[in-house]
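# below is the sequence, then the predicted model.
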Amino acid sequence: MERIYRYRMTTTSGGNLSIRDPDGTIWITPARVDKGGLRRDDIVAVKPSGEILGNHKPSSEFPFHQAIYRARPDLNAIVHAHPVALVAFSICGQVPNTRIFHQSFFMSGKVGFAPYALPGSQQLGDNIAASFAQNCDSVVLENHGVVVGADTLDQAFQRFEAFEFTAKTILKASRTGNIRYLTDEQLNFANQRRIVSDHGDLGGVTTNEKELRAQLIQFLRRGCQQRLLISTEGSFSARLGSDEFLITPSQKDREMLRSIDLVRVRDGVHETGKSPSRACRLHAAIYAQHPEVQSIVFAHPVNATAFSITDMELDSRTIPESYIFLREVKKLPFGIQYASDASSLASQIDINQPAALLDNDGVVVLGRSVLDAFDRLEVLETTAEAIINAQSLGKISTMSEQVIDELKTAFQLS
């Protein structure tokens, strides 16, 4: 709950979480207690008999949590909150189409819509449970918010985060151009990505590797906190040697990673007992083709990703910083990141053209260091957000070719 509140996906008084124990006990957040300052002993247990254990009353929304668990024996955790983007959909009577990229679609699960009823009422519980009974995993509540369920609370949070990310990206993209949604064939193609399969003993850890591990963890956490990364998607790597690098692991929460969780990869072989990101071979191909690249990020910041799901170009000629850091931002066609020959993507970007949009799959950014790659990612996202915001004011005035030539000369840009 602290994390949801910190991400500004609920308010002090809004939202509630629950977990169901194997014996049927439901642990739930309390009623009328500051969501930004909850402690362990604030959580309330409701036994199957109806007995309440704890220092507070359970959330007033307890009835619909109970109704969902009755309708779906496979669910053991529920997140309910009022994140801004999904509330926007709820007050328009709509559900976001999660086909904007593969992770949104598969992580959000089957989505549904529950008609309005009085908060805390039996009718609301019945309405929501009816959607979950149809095997929905993420349900928009009319004029209310959203509820998601999963097997564990970690999975429920990740589902909730991905669903809200989807809604935010669609809202941004709708101001940018025509949104492009993925077909069944494209979704299945994207979901079949492969990682390197060989593993082995790669030797001891050097001082340089310890330092790079610490840097990557620092910026991964900062990226999640600044919403440049989401917990279930994106990869970050740093070069250790000519054919060796560190990379984020597959299927682990990005913000909760420790230095030891990062995976060392050398010439197609990764550390035993770990699974590198599914984008591992793309990182390897970029490092192989571009010796000057020292760090790589694949990410899904909302505003830049909004450009990636439309046909609109992201023109970096807005302010000097944007052009100097990003140069011309390419758009690469869908599927290039999943092709069997990873070198095709690697050949499209280099340190002098360090940022690109991947159709329906976020962005890729290169840097001469971990800090440089993260900095460019920040600049890319703030540039995208500024352009989207500027569209509501009027025609955007980009810098002229004369100004660009002046910048190239002054800053020795190739």
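It's in.
# can you pull the phi/psi pair for the spatially most central residue of the chain?
Compute the mean C-alpha point of the chain, and by CA atoms, centre = their mean the closest residue is Ile230, 2.5 Å away. Dihedral pair for Ile230: phi -110, psi 160, per degrees, to the nearest 10.
# my guess is it meets Phe298, correct?
No. Assessed by CB atoms under 8 Å, Ile230 is found out of contact with Phe298, at 11.9 Å. Where you see a C-beta, it was placed from the backbone N, CA and C, and this is true even at glycine.
# from Glu161, how far out is the residue nearest to the centre of the chain?
To Glu161, Ile230 is 6 Å away according to CB to CB, to the nearest Å.
# buried residues in stretch 100-116?
Residues of stretch 100-116 classed as buried by neighbour count (16 or more other CB atoms under 10 Å): 100-105, 107-109, 111-114.
# in strands, which of those residues fall?
Val111, Gly112, Phe113, Ala114 (DSSP state E).
# just put those in JSON lines and tack on distance to Ala304 and pLDDT.
As requested, those are exported to JSON lines (distance: CB to CB, whole Å; pLDDT from 0 to 100):
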{"residue": "Val111", "distance to Ala304": "24", "pLDDT": "98"}
{"residue": "Gly112", "distance to Ala304": "29", "pLDDT": "98"}
{"residue": "Phe113", "distance to Ala304": "29", "pLDDT": "98"}
{"residue": "Ala114", "distance to Ala304": "32", "pLDDT": "98"}
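# in which helix or strand would I find Phe245?
strand 244-247 (DSSP states H and E).
# for Leu228, give me phi and psi.
phi -80, psi -20.
# wait, it touches Ala304, no?
No. If you go by CB under 8 Å, Leu228 and Ala304 don't touch, sitting 9.0 Å apart.
# and these two? which has more neighbours close in?
For Leu228 versus Ala304, neighbours defined as other CB atoms under 10 Å are more numerous around Ala304 (28 against 25).
# confirm that one sits in a helix?
Yes. Counting by DSSP: H, G, I helix; E, B strand; the rest coil, Ala304 is found in a helix.
# so the residue nearest to it when sequence neighbours are not counted, which state does it fall into?
Closest residue to Ala304 apart from its sequence neighbours, by CB to CB, 6 or more residues apart in numbering: Ala384 at 4.2 Å. Classification of Ala384 by three-state DSSP places it in helix.
# ok, Ala384 - contacts?
Pro301, Asn303, Ala304, Ala306, Phe307, Leu314 (CB atoms under 8 Å, 6 or more residues apart in numbering).
# and Asn127, what's its pLDDT?
Asn127 carries a pLDDT score of 97 in this model.
# give me the secondary structure label for it.
From three-state DSSP, the assignment for Asn127 is helix.
# can I assume Ile336 is in contact with Gln348?
Yes. The criterion here is CB under 8 Å, and Ile336 meets it with Gln348 at 7.3 Å.
# more neighbours: which of the two?
Ile336 (19 against 16).
# and the closest residue to that one other than its chain neighbours, how many neighbours?
Distances taken as CB to CB, 6+ apart put Leu345 closest to Ile336, at 4.9 Å, once the chain neighbours are dropped. Other residues within reach of Leu345, judged by other CB under 10 Å, total 23.
# tell me the spacing between Leu345 and Ala133.
43 Å.
# give me the beta-bridge partners of the residue nearest to the centre of the chain?
Beta-bridge pairing of Ile230 under DSSP bridges involves Glu233.
# tell me the confidence at it?
92.
# distance check, the closest residue to Pro320 other than its chain neighbours against Ser322.
Closest residue in space to Pro320, ignoring its immediate chain neighbours: Leu407 at 5.9 Å, by CB to CB, 6+ apart. Noted for Leu407: a distance of 11 Å to Ser322, by CB to CB.
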